[in-house]
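Peer 1: heads up, no residue letters with this:
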């Protein structure tokens, strides 16, 4: 198996050897051409067909091709003409990297059928297409300013890719009075250049030198390249620090806070580096006090305030300062700083109290001395001048008097009143005339003592107090409190009632007041029907010396309560009796049967009386007006109606709770009524002035008083009232039968005027009641001296009728004598 594998390998090797020997015979001849670099594309190089002895037509048939060895194919064969042409520009420097004078490009021309190879060498000729180039475009040199003249410094050479005459030929240096160059040639023909120092350098004069080095080749036209040479001159410590001026003057205000910058020293050193780094310090000539007040920064030279500067202690300071560099052999400079302290208004004015009275009475005289002050200021000049004033002096009753230099008096300028202001906080303000001015304040407290100069005052001058009647004795009516703005015993008040008698009764028997708090009490139960109001004065007196007092008017108004039952005055009846009324059965609808009149001794709503039917025999027959008490028929009588009807009427007031009274009326019906009835006087002794009638008279008098006129007008009218005249009774009809029942009542002649007025009202109410019944009521004197009246009630009738039991009331009323 191994023999079979080895056999084919040997066969292949033998065939390859024979082929190489055959081809070697074809390429033994070499053809050479020379062309310059950078020829344009398509440029003609040579005619290969002619030079190689080939038929141009066979180039296509034998598939001729060009094979460049170890290089890019820059050439091509034109198979139609057999010419060798430039396919791409050729750069000699990119093909021949080494700097040699000759540069060849090798290639083969290969033909097939049969195979034939032609070896061609193409020499590339150099042209001056590259300028000299420095490997370092910028060269920096550090040269000490102490370097001696003639010192040499190597520079970086320029290079040129071209060869031969096109390479670097020489160097040029820009103009300089300190430097020049020395050009040298190497064994291979290269040019080298050295920089030579031709003068003495001074860094303080010129620290940096900028030079231009130019390299030029030998081509035609020549090309050049440049490089920049930067020469830094190194410093040596050859300059001492300098201040801008030997003496500095600066003004600093006193009381400048610590850390305030006074000034910054800035010495200069022409050297550089450590040779120019300076340290500032005080010299031995600077006092310790100055060094305690001012600090000096050794690095920056900044002078700051360190202590408290007071113009009053020292007005100026001197500082001796040196600046020293940090060179190997340090150099130093000196200066003097004069600090002048500017005076400021830094001392506040002061107030000293020499004499003071803290307590004064409110009745002191104007001009009274209260206190004495002195003012001062540690500053001098304008800053030491001061002015003392009172804050808000326009509102204070005080003033300042400049008694002497630096002394002031506080005096009373207006009358004092403790009740308006009991204490004063007097603020004294002293101001100097500095800029800005300083102000100092002193507050003193002045207390005003009280004197009894104010009378007690009541909140109002007139009090109206409403008290309901039937009050309990000892009941609190109100509290009358006066105010006295004084203090202590001048403020303690005592209350009492100023004595006044009403109907022989002292006010102190009706009312009582607590002397300490002014509580007013009622000592008795009041009756509105007897006493309606009281008017008196209450005095409040303080405990000062001498005491002061004031009084107030108190009006007690008794308020009515519903404590009186309505009193029925019409139709009149004896106590407990039944009223009898007679009417004809032929009475029409709406006929006035009777009128019930009731009065109430109370007032206003409590005296407002309304009427109601409490019991009635036939509700369809009679009606009652609830406001005026009129009883009327609601229909005509029929034969079925009984001859007697009984009505119970209740009179109720409008109080709460309501009170009432009742009256029973018995109504009898007759077939005929006499047209005229003669009244007959029956001398019956009946006391008309029972307790009930007395209340009736008083009630009617009160109603008349409220409805007609005030008490004063009524009294005047009563005083001017003429004597009543007798009324004659008309003559009786002879054909009529008169039946008269008379009742005579004799009144006492000692009844008061109010009772007489009430009797007139009673007569008037009776007159209205009888008149509305269809009767004629007359009143005439029956006693020769006018001690009473004769009252007759006569039924009206045009024609004679049967005699019936008609009631005529005859009253004997006392005649009031007019003055």
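Peer 2: Great, that's in hand. Computed from a predicted structure; not experimentally measured. Residues are numbered from 1 along each chain as shown.

Peer 1: gap between the residue nearest the centre of the chain and residue 162?
Peer 2: By CA atoms, centre = their mean, the mean C-alpha position of the chain lies nearest to residue 392, the distance being 29.0 Å. Per CB to CB, to the nearest Å, residue 392 is found 107 Å from residue 162. In this view, the C-beta of every residue, glycine as well, is placed from N, C-alpha and C.

Peer 1: for residue 420, same thing?
Peer 2: 120 Å.

Peer 1: who has more neighbours, the two?
Peer 2: Higher neighbour count among residue 420 and residue 162: residue 162, with 22 against 10, using other CB atoms under 10 Å.

Peer 1: Enumerate every residue touching that one.
Peer 2: For residue 162, the contact set (CB atoms under 8 Å, 6 or more residues apart in numbering) comprises 93, 126, 127, 128, 129, 130, 217, 219.

Peer 1: Give me the nearest residue to it, chain neighbours excluded.
Peer 2: Counting by CB to CB, 6 or more residues apart in numbering, residue 130 is the residue found nearest to residue 162 once chain neighbours are left out, at 4.9 Å.

Peer 1: Repeat that for residue 131.
Peer 2: Residue 131's closest residue in space is residue 223 (CB to CB, 6+ apart), at 3.6 Å.

Peer 1: Which pLDDT value belongs to that neighbour?
Peer 2: In this prediction, residue 223 carries a pLDDT score of 89.

Peer 1: Am I right that it is in contact with residue 158?
Peer 2: No: taking contacts as CB atoms under 8 Å, residue 223 lies outside contact range of residue 158: 10.8 Å.

Peer 1: quick revisit: which ones among the contacts of residue 162 map onto strands?
Peer 2: Among the contacts of residue 162, the residues falling in strands (DSSP state E) are residue 217.

Peer 1: Residues that sit against both of residue 223 and residue 158, list them.
Peer 2: With CB under 8 Å, 6+ apart as the test, residue 223 and residue 158 both reach residue 132.

Peer 1: Neighbour count: these two, which is higher?
Peer 2: residue 158 (24 against 20).

Peer 1: contacting residues for the more buried one?
Peer 2: Taking CB under 8 Å, 6+ apart, one finds 132, 133, 134, 135, 168, 171, 215, 225, 227 in contact with residue 158.

Peer 1: cool, residue 461 as well?
Peer 2: 552, 553.

Peer 1: Need the phi and psi values for it.
Peer 2: Per-residue torsions, residue 461: phi -90, psi -10 (degrees, to the nearest 10).

Peer 1: For it, give its distance to residue 57.
Peer 2: Distance from residue 461 to residue 57, by CB to CB: 159 Å.

Peer 1: ok, now residue 653?
Peer 2: 168 Å.

Peer 1: swap in residue 393?
Peer 2: Applying CB to CB to residue 393 and residue 57 gives a distance of 139 Å.

Peer 1: which of the two has more neighbours?
Peer 2: residue 393 (15 against 12).

Peer 1: Now do the same contact list for the more buried one.
Peer 2: By CB under 8 Å, 6+ apart, the residues touching residue 393 are residue 399.

Peer 1: mind checking pLDDT for it?
Peer 2: pLDDT, residue 393: 84.

Peer 1: Tell me the backbone dihedrals of it, please.
Peer 2: For residue 393, the backbone dihedrals are phi -60, psi -30 (criterion: degrees, to the nearest 10).

Peer 1: The one 4 residues further on now?
Peer 2: Backbone dihedrals for residue 397, given as degrees, to the nearest 10, come out at phi -90, psi 40.

Peer 1: For the closest residue to it other than its chain neighbours, grab the count of nearby residues.
Peer 2: Once flanking residues are discounted, residue 397 sits nearest to residue 414: 3.5 Å by CB to CB, 6+ apart. Residues near residue 414, counting by other CB under 10 Å, number 10.

Peer 1: Residue 598 contacts residue 568, doesn't it?
Peer 2: Yes: the criterion here is CB under 8 Å, and residue 598 meets it with residue 568 at 4.6 Å.

Peer 1: Report the secondary structure state of the nearest residue to residue 283 once chain neighbours are set aside.
Peer 2: Using CB to CB, 6+ apart and skipping the chain neighbours, the partner closest in space to residue 283 is residue 320 (4.2 Å). What DSSP: H, G, I helix; E, B strand; the rest coil gives for residue 320 is strand.

Peer 1: Residue 320 and residue 291 touch, don't they?
Peer 2: No: the pair residue 320 / residue 291 is not scored as a contact, 10.7 Å apart, by CB under 8 Å.

Peer 1: so what sits against both of these two?
Peer 2: residue 282.

Peer 1: Show me where the stretch 251-400 of the chain has its helices.
Peer 2: 288-293 (DSSP state H, counting those that start in this stretch).

Peer 1: residue ranges for the strands of it, please.
Peer 2: With strands called from DSSP state E, counting those that start in this stretch, the stretch 251-400 of the chain shows them at 261-264, 278-282, 294-296, 302-305, 316-325, 332-342, 350-356, 359-361, 369-376, 386-390, 398-404.

Peer 1: for those strands, which one sits closest to residue 107?
Peer 2: strand 316-325 (75.1 Å; CB to CB).

Peer 1: Tell me who's in contact with residue 224.
Peer 2: 131, 132, 214, 215, 216, 217.

Peer 1: how about a cut-off of 6 Å?
Peer 2: 214, 216 (CB atoms under 6 Å, 6 or more residues apart in numbering).

Peer 1: just to revisit the earlier point, let me know which of the strands of the stretch 251-400 of the chain is the nearest to residue 638.
Peer 2: Residue 638 lies closest to strand 359-361 among those, at 102.7 Å (CB to CB).

Peer 1: From the chain's centre, how far out is that closest one? Work that out for me.
Peer 2: 44 Å (CA atoms, centre = their mean, to the nearest Å).

Peer 1: Run through the bridge partners of the closest residue to residue 512 other than its chain neighbours.
Peer 2: Ranked by CB to CB, 6+ apart and with sequence neighbours excluded, the top spatial neighbour of residue 512 is residue 521, at 4.7 Å. Here residue 521 sits in beta bridges with residue 476, residue 512, as judged by DSSP bridges.

Peer 1: Surely residue 521 touches residue 513?
Peer 2: No: in this structure residue 521 lies outside contact range of residue 513 using CB atoms under 6 Å: 7.3 Å.

Peer 1: which of those two has more neighbours?
Peer 2: Legend: neighbour count by other CB under 10 Å for residue 521 and residue 513, higher for residue 513 (23 against 14).

Peer 1: got the contact list for the more buried one?
Peer 2: Contacts of residue 513 by CB under 6 Å, 6+ apart are 495, 497, 520.

Peer 1: list the contacts for the first one?
Peer 2: Meaning residue 495. Here residue 495 is in contact with 513, 515, 518, 540 (criterion: CB under 6 Å, 6+ apart).

Peer 1: got it, and the second one?
Peer 2: Going by CB under 6 Å, 6+ apart, residue 497 touches 507, 508, 513, 538.

Peer 1: Helix or strand: which one has the last one?
Peer 2: Spelled out, that is residue 538. Element membership for residue 538 (DSSP states H and E) is strand 533-542.

Peer 1: strand partners of that strand, parallel vs antiparallel please.
Peer 2: strand 493-497 (antiparallel), strand 549-559 (antiparallel).

Peer 1: Can you list the neighbours in contact with it?
Peer 2: 456, 480, 482, 484, 490, 493-498, 500, 507, 547-557.

Peer 1: And the pLDDT for the spatially closest residue to residue 421 that is not a sequence neighbour?
Peer 2: Spatial nearest neighbour of residue 421, excluding adjacent residues (CB to CB, 6+ apart): residue 448 at 6.9 Å. As predicted, residue 448 sits at a pLDDT of 91.
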